[in-house]
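got a sequence here, can you model it:
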Amino acid sequence: MKVLLALLLPALTNGFTIANSPPTSTRVPSSTTALQSMKSTYDEVTSKVYQTLGLQVTDFTQTFNAQTWSDPTSGVNGAADWLSEANPKFLTGVSYCSRVGGNAGEVFTLNIWMGPSYDVPNMLLEFGQKPDGTYAVTADYVMRGSTPIGSDPQMMECYYGPSTIDAWNRAYSSAGATPLGPALAFESRLLDSPAKIAVGNIGQADADAVVKNHVDTFLGWLEGAQQVPARSRGSFNLRDDKIRQYFYKGEYNKNVAEFGEQLGGVVAAVNTGPTAEAYVGGGS
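Next up is the predicted model:
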């Protein structure tokens with residue numbers, strides 16, 4: 001693992017460029033199954049994020065030859081893109097990732113990573129249909145900065161207040177809802193907030209509602225966000241870099257366990273995006 005990390009991490013830091021043209025539709029893996037039932041939801045939310053935030057696709061995942069990937073042993077096919085703002089303002093970047101096949105069924109991922117200019121949580125989102133025909137959603141708003149969650153009343157009211165609590169309650173009140181277990185990787189669990197939704201065995205309409213509300217809530221926060229004073233932005237640096245490094249390590253452990261060290265390490269890299277100098281295109 002140490003050898004592979006040494007090989008991957010330099011490529012995860014920077015050096016990516018903007019692709020000549022963005023895809024006309026969301027890149028998803030091919031599938032021979034009857035799944036993909038939440039692809040229209042994935043297309044809708046990724047398109048909304050793309051247009052609202054003025055994104056452009058970079059060639060980051062191309063540098064790993066992994067805009068699309070496959071594992072012949074398990075029959076899993078995947079796709080990944082790393083996007084940045086055309087006119088940097090809010091973000092470090094955005095991950096669009098998807099996979100189909102194997103025991104997980106379909107999994108669509110939309111992760112939005114903030115830059116230092118605005119004190120808004122990162123948004124993580126994963127959803128899809130399971131092989132048994134039920135649906136699952138994992139959604140979270142990851143706290144940033146050096147202030148412990150719960151100690152800043154203004155932060156709690158704005159991002160972890162009644163509307164966020166209500167969204168959590170509605171998700172777990174869905175018909176048939178079953179709480180999903182925590183991530184197996186310790187590093188992944190370090191990112192979890194008390195507002196994290198991780199629910200399975202629900203219907204498509206309920207899953208669709210959770211996904212769209214999660215994205216709409218986040219985009220609404222950006223509309224009303226106030227800039228962090230320039231003198232205070234450096235305080236986010238250490239914590240934000242650590243958050244993304246822990247995310248990568250969690251992805252690495254999960255995907256290596258499933259696909260082996262070679263493919264698993266690449267999938268972890270393209271699912272994460274750059275892990276250092278994270279504010280490329282993220283400051284203003």
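
and for Ala175, the neighbour number?
Look at Ala175: counted by other Cβ atoms under 10 Å, it has 9 neighbours. Just so you know, the C-beta spots here come from the backbone N, C-alpha and C atoms, and that holds for glycine as well.

now do Gly150
Counted by other Cβ under 10 Å, the residues lying close to Gly150 total 11.

does it sit in a helix, a strand or a coil?
coil (DSSP: H, G, I helix; E, B strand; the rest coil).

list the residues that contact it.
For Gly150, the contacting residues are Met156, by Cβ atoms under 8 Å, 6 or more residues apart in numbering.

hang on, Asn122 packs against Ile112?
Yes - using Cβ atoms under 8 Å, Asn122 makes contact with Ile112 at a distance of 6.5 Å.

between those two, who's got more neighbours?
It is Ile112, of Asn122 and Ile112, that has more neighbours when counted by other Cβ under 10 Å, with 25 against 22.

mind checking the SS state of that one?
Under three-state DSSP, Ile112 comes out as strand.

list the contacts for it?
Ile112 is in contact with Val49, Leu91, Val94, Asn122, Met123, Phe218, counting by Cβ under 8 Å, 6+ apart.

which residue ranges of the stretch 101-250 of the chain form helices?
Ranges of helices in the stretch 101-250 of the chain, per DSSP state H, counting those that start in this stretch, are 153-159, 162-172, 186-189, 204-223, 237-259.

which among these is found nearest to Ala198?
Closest of the helices of the stretch 101-250 of the chain to Ala198 is helix 162-172, at 9.0 Å (criterion: Cβ to Cβ).

now mean neighbour count too, for the helices of the stretch 101-250 of the chain, in CSV please.
Below are the helices of the stretch 101-250 of the chain laid out as CSV (neighbours: other Cβ atoms under 10 Å):
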stretch, mean neighbour count
helix 153-159, 14
helix 162-172, 15
helix 186-189, 15
helix 204-223, 18
helix 237-259, 19
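
and these: which comes nearest Gly128?
Taking the helices of the stretch 101-250 of the chain one by one with Cβ to Cβ, helix 204-223 is closest: 8.3 Å.

which residues does that closest one contact?
Counting by Cβ under 8 Å, 6+ apart, 37-38, 41, 44-45, 48-49, 52-53, 90, 110, 112, 118, 120-121, 123, 125, 127, 129, 135-137, 139, 141, 158-159, 163-164, 167, 170-171, 174-175, 177, 197, 199, 202 sit against helix 204-223.

now that helix and helix 162-172, what's the angle there?
Relative orientation of helix 204-223 and helix 162-172, computed by axes from the mean of the first three to the mean of the last three Cα atoms, to 10 degrees: 160 degrees.

what mean pLDDT does helix 204-223 have?
In this model, helix 204-223 has a mean pLDDT of 97.

only alpha carbons, please: show it as CSV.
Provided in CSV are the C-alpha atoms of helix 204-223 (Å, rounded to 0.1, in the frame of the first residue of the first chain):
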residue,chain,number,x,y,z
GLN,A,204,-37.4,4.9,-5.8
ALA,A,205,-39.7,7.9,-5.2
ASP,A,206,-38.4,8.3,-1.7
ALA,A,207,-34.8,7.9,-2.8
ASP,A,208,-35.3,10.5,-5.5
ALA,A,209,-36.7,13.0,-3.0
VAL,A,210,-33.8,12.6,-0.6
VAL,A,211,-31.3,13.1,-3.4
LYS,A,212,-32.9,16.2,-4.9
ASN,A,213,-33.5,17.8,-1.6
HIS,A,214,-29.9,17.2,-0.5
VAL,A,215,-28.6,18.9,-3.7
ASP,A,216,-31.1,21.8,-3.6
THR,A,217,-30.4,22.5,0.0
PHE,A,218,-26.6,22.8,-0.7
LEU,A,219,-27.1,25.0,-3.7
GLY,A,220,-29.4,27.2,-1.7
TRP,A,221,-26.7,27.7,0.9
LEU,A,222,-24.3,28.9,-1.8
GLU,A,223,-26.7,31.5,-3.0
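
in this protein, what helix or strand scores lowest on average pLDDT?
Least confident helix or strand of the chain, by mean pLDDT, DSSP states H and E, is helix 2-13 with a mean of 41.

count of neighbours near the residue nearest to Leu238 when sequence neighbours are not counted?
Spatial nearest neighbour of Leu238, excluding adjacent residues (Cβ to Cβ, 6 or more residues apart in numbering): Ser146 at 7.8 Å. Applying other Cβ under 10 Å, we find 8 residues neighbouring Ser146.
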